[in-house]
Each structure stands twice: as C-alpha cells, then as structure tokens.
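# Next come a sequence and a model predicted from it.
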Amino acid sequence: MPSFASVLYQQGKQPMARFVLWGLYCEDALEKRVPFRDEHLARLQRLKDDGTLITLGPTEGSTHVFGVFESESESSVRALLEADVYWREGIWTRLDIYSWIQAF
C-alpha cells in the first residue's frame with residue numbers, strides 16, 4: 001500500500017510537515033482559562049477541521065500542553081499559536097515547537 005506522502009507526490013502535491021508543540025501553562029491555569037475557554041476551543045476545532053491541528057491537550061495536572069500540527073513551517077505554527085487567546089491572555093507561558101518525523 002502506498003504511503004500518504006507518495007500519493008500526494010503522485011498527485012503533484014507536497015505533503016505538509018509535522019510539528020510538535022510542548023508548552024507551559026501559567027499557575028492556576030484551570031481557573032484563569034475559564035473566560036477564554038470557549039473561544040480557544042472553537043478556534044482549535046476550526047484548525048482540526050481544516051487539517052492543521054492533529055491533536056492538542058494538557059498533561060495531567062494541566063502544567064504542560066502537547067500538540068501535533070501539520071503546516072508549511074515552524075513559523076506558521078508559531079504564528080497560529082501566538083494568535084490563540086490562551087497565548088494572548090497568558091494562559092500559555094511558553095511554546096516550544098519542534099519539527100517532527102513520524103516513524104509510525
């Protein structure tokens with residue numbers, strides 16, 4: 001069975017790169033996020049629907065956030081994340097983004 005990437009190449013399309021997000025939440029994030037949560041989740045749903053967001057969520061205890069994105073570049077993922085209300089309002093305090101090669 002051909003890989004997803006090989007099918008895209010055959011169709012003349014370049015597969016998007018994948019990126020991993022590893023970030024930090026602020027102190028008391030569960031309480032502080034309440035006024036912004038609906039906006040945040042609606043935006044994530046749009047990113048999920050358009051295929052940019054693969055998965056995203058907090059670690060147990062909500063100290064860190066983990067996510068996987070498909071995009072052209074690390075800078076485009078960073079721009080998406082920095083436009084999120086959680087970043088703008090200080091709920092996320094650090095965003096580390098890494099290029100990721102999915103083995104399985």
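Ah, there it is.

# List the contacts of T52.
F69, E70, S71, L80 (Cβ atoms under 8 Å, 6 or more residues apart in numbering). Backbone N, C-alpha and C define where each C-beta goes, glycine included.

# again with V85
Here V85 is in contact with F36, E39, H40, R43, I91 (Cβ under 8 Å, 6+ apart).

# gap between the second one and Y86?
E39 sits 9 Å away from Y86, going by Cβ to Cβ, to the nearest Å.

# Likewise for the first one?
Here the criterion is Cβ to Cβ. By it, F36 lies 6 Å from Y86.

# can you give me the strands in the protein?
17-25, 53-58, 64-71, 92-100 (DSSP state E).

# So what's the residue count around the residue lying closest to P58 once chain neighbours are set aside?
Spatial nearest neighbour of P58, chain neighbours left out: V65 (5.5 Å); criterion: Cβ to Cβ, 6 or more residues apart in numbering. When counting by other Cβ atoms under 10 Å, one arrives at 21 neighbours for V65.

# So what pairs up with V65 in the strands?
As for beta bridges, V65 partners with G23, P58 under DSSP bridges.

# wait, what's in contact with it?
Per Cβ under 8 Å, 6+ apart, neighbours of V65: L21, W22, G23, L24, Y25, L56, G57, P58, T59, W92.

# what do you get if the cut-off is 7 Å, keeping everything else the same?
L21, G23, Y25, L56, P58, W92 (Cβ atoms under 7 Å, 6 or more residues apart in numbering).

# measure the fourth one to G23 for me?
Here the distance between L56 and G23 works out to 10 Å (Cβ to Cβ).

# same deal with the last one?
As defined by Cβ to Cβ, W92 lies at a distance of 5 Å from G23.

# Where does pLDDT dip in this structure?
In the predicted model of the chain, residues 1-15 satisfy pLDDT under 70.

# Dump the longest helix belonging to the chain to CSV, restricted to CA.
In the chain, taking DSSP state H as the definition, the longest helix is helix 37-49. What follows is helix 37-49 as a C-alpha-only set of coordinates in CSV (Å, rounded to 0.1, in the frame of the first residue of the first chain):
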residue,chain,number,x,y,z
ARG,A,37,-12.0,28.6,27.0
ASP,A,38,-15.0,28.7,24.6
GLU,A,39,-13.1,31.0,22.2
HIS,A,40,-10.0,28.8,22.5
LEU,A,41,-11.9,25.5,21.9
ALA,A,42,-13.8,26.9,18.9
ARG,A,43,-10.6,28.0,17.3
LEU,A,44,-8.9,24.7,17.9
GLN,A,45,-12.0,23.0,16.3
ARG,A,46,-11.6,25.1,13.2
LEU,A,47,-7.9,24.2,13.0
LYS,A,48,-8.8,20.5,13.5
ASP,A,49,-11.5,20.7,10.8
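
# That's all I had, so thanks and see you.
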